[in-house]
Structure formats: C-alpha cells, structure tokens
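**Student:** structural data only, the sequence is not supplied:
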C-alpha cells in the first residue's frame, strides 16, 4: 500500500471515529425507553414496538416520529434519534414490522401499495401517541421516513386534498431517499400540507431523484413548502456509516420495469454530514419555534 493510500485510510478512520464519538456522546445524554404504540388494522389493535429517545433535562419539547426502511429499524434510525435527542427533541423510532410478523421485505417480495397504505396509519398512531405524552408539545410534531418508510411518509405528507382528514397533526415531514413510486396512487394533482424536506442521493438507483422530482412536479398547492437536498456522489443509504457501496442484485426496485430488481447502496460520509446539518436547520425552522 502506498504512503498516500495509508494517509487516506488513516484520515478516514479518524473522521469515522470522530463521528462515532459524537453519536456516542449524544446517546450518553439520552434517556431511552422501550414503548408500545397501538394502531388499528383490520378490526384489531396491533401493538407496535418502538424506542423512545428523550433529551436530558425537564420541560416540554418538540418530537419527531421516525419510520424505517424495508430492512426494519437499524443503526441509521437509532443514530438519527440520538442526534435529535441531543438537539432537544424527543424521538420515537417505530418498528412497523415486528407486530406484523415481518423482518426484512427488501427482496423480490417488495411491499405492495396496500402494504404501504396500511403502514401509513402507523404515522397517525405514532403522532397521536407522542401528542399524549406530558413532556411533548403536541403542537410541535414532525415525522421522518427512510426509503420504503419515506415513501409511506410521502403518502401522509402529500394528498390530493388540503382537507384530507387522514392528515396527521404534524408541523413538518422529512423524506429520506423516499420510495416515491408509492405516490402514484395519489393521483395527478397533489397538495403539501406542511414544510417537507426531500433528502436524496444524486446517484441513487433504488429510489432515484427523477422519480421524486416527478412527484414534486405534480404538487399544485403548497409547492413553496417543499425543500430538496440532493447529495452529489451519494447512493441509497448514504447514512449507513462504515458500509462500502455495493450492488444488491436481488432487491425489489419499484423504479425498474416490473418492480425488479437490483440497486446500489452504501455510505457517503460527506453526504451524511451535510444531511445532518440540513435536517437540524430544517427542523429548527419548521418545528422548534
């Protein structure tokens, strides 16, 4: 290995250790608690498992509900929750899979539209649960979804009608490399009800930017509430720190003909760092005040 390669490797290790130290520091100052969120589905009540991250100190705080991608809750959602808590937000990481007997739906049995529609009620339930907590300001709620969970969150962030009664009482929505193909079912004219941030990788071939731009182009009311951040050189799951970019040949991919198959995913440290800055600024403007 050349001296230059060694220096680059050492620099990457130092950066990664610094990032992990920041996250560990945030986690140390965070009170974590396992909770259950009830949601009605098919005439019965499911008890969704969730992890609540509370900021240190007392007082009423804003809150963010977080929804995972096709692989279930992971290090990226826990990392984001710890950061949110360090910024003064309560964060609720919701597990939409365990209560439904699911673990990973990234393969060829990619979730159908009906699955996403059912899961959208998890957002309503999580926000309702947060709004009832004595330490949460029910007037300052937001929701955040990743990949498949971002597509589900999209179903709640946008609507054909401004008076849609399924709209959650949220001040903001954050859609992280969202599965924008799920919005096809919403029709040709969409309405945005709250400030909404799209955060996407420029090289994403799983949930590609043009597909999401097509959704944004259908917005006829509230277009000024949308913000987009596209991170050049980043693939899907750019926040999966420590995971090299790789190609997954067997994953479902709604952006391809027939919904199959294959996509790249993996970390991009520069994109993740920019994303953290963007999320913090967006929430400070839309929710914290």
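**Tutor:** Everything's here; your move. Note that the coordinates shown come from a computational prediction; the quantities given were computed from them, not determined experimentally. Numbering: from 1, shown residues only.

**Student:** burial check on the closest residue to residue 208 other than its chain neighbours, number of neighbours?
**Tutor:** Leaving aside its sequence neighbours, residue 208 sits nearest to residue 255 (Cβ to Cβ, 6 or more residues apart in numbering; 5.3 Å). (Glycine included, C-beta is placed from N, CA and C.) Per other Cβ atoms under 10 Å, the neighbour tally for residue 255 reads 16.

**Student:** make 372 the starting number, not 1.
**Tutor:** Understood, numbering begins at 372; the last thing we discussed is residue 626.

**Student:** contacting residues around residue 626?
**Tutor:** Contacts for residue 626 (Cβ atoms under 8 Å, 6 or more residues apart in numbering) come out as 552, 576, 577, 578, 579, 582.

**Student:** select, from these, the two members most distant in space.
**Tutor:** 552 and 576 (13.1 Å; Cβ to Cβ).

**Student:** and these two? Which one has more around it.
**Tutor:** Shown here are residue 552 and residue 576; by other Cβ under 10 Å, residue 552 has more neighbours (22 against 17).

**Student:** quick check: closest non-adjacent residue to that one.
**Tutor:** Leaving aside its chain neighbours, residue 552 sits nearest to residue 625 (3.9 Å; criterion: Cβ to Cβ, 6+ apart).

**Student:** wait, the one you found sits on residue 484?
**Tutor:** No: here residue 625 lies out of contact with residue 484, judged by Cβ atoms under 8 Å, at a distance of 9.8 Å.

**Student:** find the residues that touch each one of the two.
**Tutor:** Residues touching both residue 625 and residue 484 by Cβ under 8 Å, 6+ apart: residue 553.

**Student:** those two: which is more packed in?
**Tutor:** Between residue 625 and residue 484, counting by other Cβ under 10 Å, residue 625 is the more crowded of the two (20 against 14).

**Student:** now do the SS call for the more buried one.
**Tutor:** State at residue 625, reduced to three classes by DSSP: H, G, I helix; E, B strand; the rest coil: coil.

**Student:** what pLDDT is listed against it?
**Tutor:** Per-residue pLDDT puts residue 625 at 90.

**Student:** let me see the ranges of the strands in the stretch 472-621 of the chain.
**Tutor:** 507-517, 529-530, 543-547, 561-563, 567-572, 590-592, 597-602, 617-619 (DSSP state E, counting those that start in this stretch).
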